[in-house]
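**Student:** The following comprises the amino acid sequence and a computationally predicted model.
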Amino acid sequence: MSRRYVLDNKLTTTFVFDQGQVATAYFKVTPAHPSFDTPHLFVINPAGSIAREWGYGDSTAEILEGPGLARELQALIAGAVRPGQK
């Protein structure tokens with residue numbers, strides 16, 4: 001059904017359909033850390049690794065609700081490293 005939806009709507013965006021495994025891996029869920037907060041935004045690079053991530057909160061509202069996301073994506077594309085980023 002998901003393949004049909006993508007084809008019928010001529011979508012070209014990559015989608016992740018998750019039954020918990022991907023979220024569990026991204027959030028590094030373990031018995032010692034068994035939960036995660038949502039909403040959460042991950043930017044995945046072409047190699048499939050997490051390039052940046054933001055949990056929702058006062059300090060990230062501009063990124064998740066405003067023009068900040070475009071700025072962050074442009075910086076990633078340009079290869080810039082942000083404070084606190086590896």
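**Tutor:** All right, it came through fine.

**Student:** For the protein, which residues score under the pLDDT cut-off?
**Tutor:** 1, 15-17, 80-86 (pLDDT under 70).

**Student:** can you pull out the helices in it?
**Tutor:** Counting by DSSP state H, the segments of the chain that form helices are 2-8, 21-26, 61-65, 68-78.

**Student:** Check which helices and strands the shortest one sits against.
**Tutor:** Counting contacts by 3 or more C-beta pairs under 8 Å, 6 or more residues apart in numbering; DSSP states H and E, helix 61-65 is packed against helix 68-78. To be clear about C-beta, it is placed using only N, CA and C from the backbone, and glycine gets the same treatment.

**Student:** mind saving the C-alpha coords of the helix it packs on as CSV?
**Tutor:** Output in CSV follows, covering the C-alpha atoms of helix 68-78 (Å, rounded to 0.1, in the frame of the first residue of the first chain):
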residue,chain,number,x,y,z
GLY,A,68,15.8,28.4,11.1
LEU,A,69,15.6,25.0,9.4
ALA,A,70,16.4,26.4,6.0
ARG,A,71,19.5,28.1,7.5
GLU,A,72,20.6,24.8,9.1
LEU,A,73,20.1,22.8,5.9
GLN,A,74,22.0,25.4,3.9
ALA,A,75,24.9,25.2,6.4
LEU,A,76,24.9,21.4,6.2
ILE,A,77,25.0,21.5,2.4
ALA,A,78,27.8,24.0,2.5
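
**Student:** Of all the helices of the chain, which one comes closest to residue 38?
**Tutor:** helix 21-26 (8.6 Å; C-beta to C-beta).

**Student:** Go through the helices of the chain and name the closest to residue 47.
**Tutor:** helix 68-78 (12.8 Å).

**Student:** in terms of contact, does residue 56 touch residue 62 like I think?
**Tutor:** No. Residue 56 lies out of contact with residue 62 (C-beta atoms under 8 Å); the separation is 11.6 Å.
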